[in-house]
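# what's the 3D shape of this:
(2 chains, ligands or ions: 2)
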Number of protein chains: 2
Amino acid sequence: MHAAALPRALGRALLPRHPAQAIALGFGTAILLGTTLLMLPISKVGPGGADFLSALFTATSAVCVTGLAVVDTATYWTPFGQVAILLMIQLGGFGIMSFASLLAVLMARRLGLKSRISAATETKSRGFGDVRSVLLGVLKTTIVVELIVAALLALRFGFGYGSSPWHALWQGVFHSVSAFNNAGFALFSDNLMGFVGDPWICLPIAAAIIVGGLGFPVLFELHRQYRKPLHWTMNTKLVLSGTAILLTTGTAFITALEWDNPGTLGRLSSADKLLAGFFQSVMTRTAGFNSVDLSQMDPATWLGMDILMFIGGGPAGTAGGLKITTFAVLFFILLTEIRGGTAVNVFGKRLSRSVHRQAITIVLLAVALVVGSTMTLMLITDFSFDALLFETISAFATVGLSTGITAALPPAGQLLLVLLMFVGRLGPVTLASALALRSRQLLYEFPKERPLIG
Amino acid sequence: MHAAALPRALGRALLPRHPAQAIALGFGTAILLGTTLLMLPISKVGPGGADFLSALFTATSAVCVTGLAVVDTATYWTPFGQVAILLMIQLGGFGIMSFASLLAVLMARRLGLKSRISAATETKSRGFGDVRSVLLGVLKTTIVVELIVAALLALRFGFGYGSSPWHALWQGVFHSVSAFNNAGFALFSDNLMGFVGDPWICLPIAAAIIVGGLGFPVLFELHRQYRKPLHWTMNTKLVLSGTAILLTTGTAFITALEWDNPGTLGRLSSADKLLAGFFQSVMTRTAGFNSVDLSQMDPATWLGMDILMFIGGGPAGTAGGLKITTFAVLFFILLTEIRGGTAVNVFGKRLSRSVHRQAITIVLLAVALVVGSTMTLMLITDFSFDALLFETISAFATVGLSTGITAALPPAGQLLLVLLMFVGRLGPVTLASALALRSRQLLYEFPKERPLIG
Ligand SMILES: [K+]
Ligand SMILES: [K+]
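Ligands and ions are numbered 1, 2, ... in the order given. Predicted structure coming up:
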């Protein structure tokens, strides 16, 4: 056997056959370890340890970078518990970003698609070469963004709010990691409501969230090809334009609907209203911090945010939801039909037909899951439809925003949210790649027919 | 000029160029005439005539066979007014059934599809021949079904409830026409709640609704080919199996969720619970009568009924909604993707690819319209999200069920419902045929690319 072949063969043997099983196993293990850690008395303020359900919920919420909470992160957990949560967030965020990026490389190779990451890693030997370069790329991106944002936040917490240097650093690191990984956990009992008018806190956090939510393939391409926007892949163009449109629309929508609401934006200055509206709009990409009291919002605003959260961020990043690109595919199908076109063209490229049915499949299954879960929660609780729909979408899209009912749900309801966070975090990306990678054989074809529709 | 050519040329000149414009014009005219009729003092009980908005709303609801009401049909309108409403229902139901059937024939001819009606009318000369045979077919079906059901109902009203012969006949005819045309208007202030346990009233009405909701192409084929189910078209198979599945699921769902609810099924015997559950399930196919108090239902039941109403009945019949076949297309796309198939096969036939995108387009536009309208109603009223969503879907799918808020909506809200009924009645069928009939030219094809989704 050739000397270099040994580690490669060993690697192949250790690598799991089914990527979906591997990532589910990995996330499951991390959640159980995290639950155990959080149940230790050292993690919880006061005597005794946390109960199993609170620990499980918090660990799932952290590993799946969701941010929903049944206990107050600021007062319930000790610094040890908070560090554990931070590590889980970082592990979960890094895990999902790398996993999805590796799947993207795998898909690009197998389907012969255009992809910068794939092309860059092609130069190295196939096998470990590309895995390593992707993991290193994700790691570098994570560290660079988190360090910059942590430094900015630490400076502000130190000089603006009088935190001691070490405490300011801890606050900066925690919120930076929580932001870049789209987790939404904060060290304040009222989340970020104390900073609603402070751009020095809100804007770096928003920036970290947006960057993390663009996804690694987009960041990679922006880094390599920032001078040549015309050469970007369809994925990058869709994510960037989609993010811009959703952020703008979301800001306008939230700001307009809540402008006079005394419980949310009403008492703020016009500039602060805009900042808070923008911040909440960014949060639906699916970070989950809040700088205003969501329980006081108009239910119509919730409904709009439901849609934004369900769409989510870019693929192969830290954002959740069904991804901007999935809805972009549906949108361009719609546009083509209305215009009467034959092929679905996007930015001068034809959208592969196989992706049409895959996008519909993912959206239909997600809608069924969200509606079914909401209905279940309606049957086992007395909360209103709008609050439960918001909570369900927030869990499934791993957003972490809440109208304030999470802690008051019965254990069965909290377990359902745990399940939704897990499925919502891993389901869409694994399903999408499974559908795309499956080998299909056309054995015979039936005669064509069509029913009447509409 | 040949003698026979004159009436044909005249017909061509009078026939509108765009079928969608013709039907919109026709329905609009009928609504305005109906509004005028209902504003006459002779139509309204007591002094003076009805106000414009109430008359417009009632006329739209009747012509679009919806059944939503801002005034009590039983006590607000005189017998003259009620006859006017009945005529509008019959005109609207006949209009939509014929229009959609004619479009179906046109599509089958142009696209070279399999269709029994088209084949049957082929034998006559093209042009007026098929139009006449379709109109006659729809007329015959309507008269036969309505007469049978009217007779059954009249007997029951006469012998079971002591109505005088002429009054029983009037009650029989009104409810039969209202049922077959899926209109949902009733001559009782509590709709059909007084007959919740009476199968002699409920079952004939349910039968008329189901038959009307199957659509003319299905009825035509059942009539011609009832011995050869294997030779039925995909459309007939989908509508029949879909109707059976939705009725069964709906009955089980409503009966189970409302079983112990004292406001709805709770105080009934087990047999009556089943009858009432079945009846309400039939109503979502989109008739809109009610034999129980919908305002007392669990919001989870509303949510389930929202879905059933949105799906609606069969194409080219009197039912509203997006049609069973539209959702069947989406369902089979999903099934094919999950199974890893290459072509979407339904009952041993391949589902035409063009219909995939058309179904998605119609569903997406409808979802956008329903969500947008619900949000608008949330902004201009204080009613809850679940009640407003129910009302919006009920109007758009021309169902006519209500949680009881219709009359309490502000004028702007009622006008929005008027618009929704009109668009919901004519929009899906005209859009579907417009998409299918458009000539498409493939001039060039871009290189293929696909974004990451999920
Ligand atoms: K989150
Ligand atoms: K109706």
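# Residue A:285 is in contact with residue A:247, isn't it?
Yes: counting by C-beta atoms under 8 Å, residue A:285 does reach residue A:247; the two are 7.2 Å apart. All C-beta spots, glycine's among them, are computed from the backbone N, C-alpha and C.
# Could you pull out the helices in the stretch 301-450 of chain A for me?
In the stretch 301-450 of chain A, the helices defined using DSSP state H, counting those that start in this stretch lie at A:324-339, A:353-380, A:385-396, A:411-437.
# Redo the ones you listed as JSON lines? Include mean pLDDT and mean neighbour count.
Formatted as JSON lines, those follow (pLDDT from 0 to 100; neighbours: other C-beta atoms under 10 Å in any protein chain shown):
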{"stretch": "helix A:324-339", "mean pLDDT": "91", "mean neighbour count": "21"}
{"stretch": "helix A:353-380", "mean pLDDT": "93", "mean neighbour count": "20"}
{"stretch": "helix A:385-396", "mean pLDDT": "96", "mean neighbour count": "27"}
{"stretch": "helix A:411-437", "mean pLDDT": "92", "mean neighbour count": "21"}
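# Now do the shared contacts for residue A:285 and residue A:247.
residue A:210 (C-beta atoms under 8 Å, 6 or more residues apart in numbering or on different chains).
# who has more neighbours, these two?
residue A:285 (31 against 18; other C-beta atoms under 10 Å in any protein chain shown).
# So what does that one look like in phi/psi?
The phi/psi pair for residue A:285 (degrees, to the nearest 10) reads phi -90, psi 40.
# Also the one 10 residues further on?
According to degrees, to the nearest 10, the main-chain angles of residue A:295 amount to phi -70, psi -20.
# residues near it, how many?
Neighbour tally, residue A:295, other C-beta under 10 Å: 14.
# cool, the one 5 residues further on as well?
With neighbours defined by other C-beta under 10 Å, the count for residue A:300 comes to 21.
# got the contact list for it?
Neighbouring residues of residue A:300 by C-beta under 8 Å, 6+ apart: A:257, B:375, B:378-379.
# now those residues in JSON lines, with distance to ligand 2?
Compiled in JSON lines, the contacts of residue A:300 are given as follows (distance: C-beta to the ion, whole Å):
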{"residue": "A:257", "distance to ligand 2": "32"}
{"residue": "B:375", "distance to ligand 2": "24"}
{"residue": "B:378", "distance to ligand 2": "24"}
{"residue": "B:379", "distance to ligand 2": "27"}
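# Can you tell me which of those comes closest to residue A:251?
Taking C-beta to C-beta as the measure, residue A:257 is the one of the contacts of residue A:300 closest to residue A:251, at 11.3 Å.
# Excluding residues flanking it in the chain, which one is nearest the closest one?
Nearest residue to residue A:257 in three dimensions, chain neighbours excluded: residue A:301, at 4.7 Å (C-beta to C-beta, 6 or more residues apart in numbering or on different chains).
# Residue B:320: which of the helices of the stretch 301-450 of chain A is closest?
That would be helix A:353-380 among the helices of the stretch 301-450 of chain A, by C-beta to C-beta, at 20.8 Å.
# Show me what the closest one is packed up against.
helix A:324-339, helix A:385-396, helix A:411-437, helix B:299-311, helix B:324-339, helix B:353-380 (3 or more C-beta pairs under 8 Å, 6 or more residues apart in numbering or on different chains; DSSP states H and E).
# Now with 7 Å, please.
helix A:324-339, helix A:385-396, helix A:411-437, helix B:299-311, helix B:324-339 (3 or more C-beta pairs under 7 Å, 6 or more residues apart in numbering or on different chains; DSSP states H and E).
# For the closest residue to chain B within the stretch 101-250 of chain A, give me its contacts.
Residue of the stretch 101-250 of chain A nearest chain B, by C-beta to the nearest C-beta: residue A:235 (4.0 Å). Under the criterion of C-beta atoms under 7 Å, 6 or more residues apart in numbering or on different chains, the neighbours of residue A:235 are A:217-218, A:325, B:451-452.
# For it, give me phi and psi.
When read as degrees, to the nearest 10, the backbone of residue A:235 gives phi -60, psi -50.
# Can you tell me the closest non-neighbouring residue to residue A:239?
residue A:314 (3.9 Å).
# and residue A:447, which of the helices of the stretch 301-450 of chain A is closest to it?
Once the helices of the stretch 301-450 of chain A are compared by C-beta to C-beta, helix A:353-380 is nearest, at 20.3 Å.
# So the residue nearest to residue A:257 sits against residue A:258, correct?
Yes: assessed by C-beta atoms under 7 Å, residue A:301 is found in contact with residue A:258 at 5.9 Å.
# Which residues are in contact with the closest residue to residue A:410 other than its chain neighbours?
Leaving aside its chain neighbours, residue A:410 sits nearest to residue A:380 (6.0 Å; criterion: C-beta to C-beta, 6+ apart). Counting by C-beta under 7 Å, 6+ apart, residue A:380 touches A:410, A:412-413.
# From residue A:176, how far off is the residue nearest to residue A:239?
20 Å (C-beta to C-beta, to the nearest Å).
# got it, and residue A:205?
For residue A:205, the distance to residue A:176 - C-beta to C-beta - is 8 Å.
# Kindly report the same for residue A:408.
In terms of C-beta to C-beta, residue A:408 sits 31 Å off from residue A:176.
# neighbour-wise, which of those two wins?
Taking other C-beta under 10 Å, residue A:408 and residue A:176 do not tie; residue A:176 has more neighbours (23 against 12).
# need the contact list for the more buried one.
A:146, A:149-150, A:153, A:208.
# quick one: which helix or strand includes the nearest residue to residue A:298 once chain neighbours are set aside?
Nearest residue to residue A:298 in three dimensions, chain neighbours excluded: residue A:257, at 5.5 Å (C-beta to C-beta, 6+ apart). In the assignment (DSSP states H and E), residue A:257 maps to helix A:234-258.
# Please apply the same query to residue A:74.
Using DSSP H and E, residue A:74 sits in helix A:73-76.
# what's the answer for residue A:279, then?
Counting by DSSP H and E, the element that carries residue A:279 is helix A:270-282.
# same question, residue A:454
Of the helices and strands defined by DSSP H and E, none includes residue A:454.
# how close does it get to residue B:324?
Look at residue A:454 and residue B:324: by C-beta to C-beta, they are 11 Å apart.
# cool, residue A:307 as well?
Distance from residue A:307 to residue B:324, by C-beta to C-beta: 26 Å.
# what do you get for residue A:352?
Distance from residue A:352 to residue B:324, by C-beta to C-beta: 30 Å.
# Name the residues of stretch A:230-241 that come out as buried.
A:232-240 (16 or more other C-beta atoms under 10 Å in any protein chain shown).
# contacting residues for residue A:100?
Taking C-beta under 7 Å, 6+ apart, we find residue A:100 in contact with A:315-316, A:429.
# sorry, back to before: any idea which of the helices and strands packed on helix A:353-380 gets closest to residue B:40?
helix B:299-311 (33.0 Å).
# The closest one close to ligand 2?
No: Helix B:299-311 is not in contact with ligand 2 by C-beta under 5 Å from the ion; minimum separation 9.4 Å.
# List the contacts of the closest residue to residue A:396 other than its chain neighbours.
Once flanking residues are discounted, residue A:396 sits nearest to residue A:424: 3.8 Å by C-beta to C-beta, 6+ apart. Neighbouring residues of residue A:424 by C-beta under 7 Å, 6+ apart: A:320, A:395-398.
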